[in-house]
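>>> no sequence on hand, only this structure:
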Ligand SMILES: NC(=O)c1ccc[n+]([C@@H]2O[C@H](COP(=O)([O-])OP(=O)(O)OC[C@H]3O[C@@H](n4cnc5c(N)ncnc54)[C@H](OP(=O)(O)O)[C@@H]3O)[C@@H](O)[C@H]2O)c1
């Protein structure tokens, strides 16, 4: 399979490409600065693409069989708080143009509307205005696209080793305070892609409870 990864120069992007190569897939790695995609392989095509720039995203998806998006705000001075919705509008346009049906966007468990109390509620409401609202809108946008979509909500991400196990919750509830390694997140995403599982759903994943000290 030829898999396009938007956010390919990021920390999760690195793990996604590593996992893809191990499974024999070809990669279109899309990044604002493609030279920052650290991995080298003849099976990686590195292309320039900015999520806010429709033409670059539409062009870079040509020839892909599936798309994974792993974009997150890295410049906190950037006042655009619509990275996810604007970026996915462009991704969906590219997928429609090139006849690509499978999309796996990475979202956050923060996009769920879990009840929160006290200070946690205030922090959540602040983050929701800045980031999670855009993610939640993106989830609705991609699930209504008519394409084959699995939204993967991640908890706190860390760079620890793979456990090769994770807890998966279908729907939007996973208790707060959990984490998952970027390696296991990448494994889960490629398991989902390779098996064609969790179509038209939102899934949350985390390290299994008790799996890490
Ligand atoms: N970190 C967490 O704890 C956490 C928790 C829950 C969910 N998530 C989600 O999980 C995913 C991966 O997170 P991460 O921490 O591994 O991410 P990361 O390493 O910060 O990577 C995010 C990538 O998004 C790219 N990006 C930002 N704006 C872009 C734009 N306009 N056009 C194209 N690319 C753009 C960045 O590119 P540049 O290299 O050019 O800046 C960066 O490579 C993200 O979707 C994030 O929202 C993260």
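Received the coordinates, thanks. Only a predicted model underlies this, so the values are computations on that prediction, with no experimental measurement involved. Residues are numbered from 1 along each chain as shown.

>>> could you use CA atoms for every contact and neighbour count after this?
Will do.

>>> where does this protein dip in pLDDT?
The chain contains residues with pLDDT under 70 at 114-115, 172, 210-213.

>>> need the strands for it, in chain order.
Ranges of strands in the chain, per DSSP state E, are 2-6, 26-31, 44-48, 66-69, 102-108, 148-154, 156-158, 167-170, 179-181, 201-206.

>>> tell me, how many residues neighbour residue 168?
Residues lying near residue 168 (other C-alpha atoms under 10 Å) number 16.

>>> identify the bridge partners of it.
residue 205 (DSSP bridges).

>>> give me the beta-bridge partners of the spatially most central residue of the chain?
Geometric centre of the chain, nearest residue: residue 106, 2.2 Å, by C-alpha atoms, centre = their mean. Applying DSSP bridges to residue 106 gives these bridge partners: residue 152.

>>> does it really touch residue 70, like I thought?
Yes. The pair residue 106 / residue 70 is scored as a contact, 5.4 Å apart, by C-alpha atoms under 8 Å.

>>> OK, contacts around the residue nearest to the centre of the chain?
Residue 106 makes contact with 68, 69, 70, 71, 151, 152, 153, 154, according to C-alpha atoms under 8 Å, 6 or more residues apart in numbering.

>>> repeat that for 6 Å
Residues near residue 106 by C-alpha atoms under 6 Å, 6 or more residues apart in numbering: 70, 152, 153.

>>> any idea how far residue 206 is from residue 90?
For residue 90, the distance to residue 206 equals 29 Å [C-alpha to C-alpha, to the nearest Å].

>>> which one of these two is surrounded by more residues?
residue 206 (26 against 21).

>>> which residues touch the residue lying closest to the more buried one once chain neighbours are set aside?
Nearest residue to residue 206 in three dimensions, chain neighbours excluded: residue 180, at 4.8 Å (C-alpha to C-alpha, 6 or more residues apart in numbering). Contact analysis of residue 180 by C-alpha under 6 Å, 6+ apart lists 157, 206, 207.
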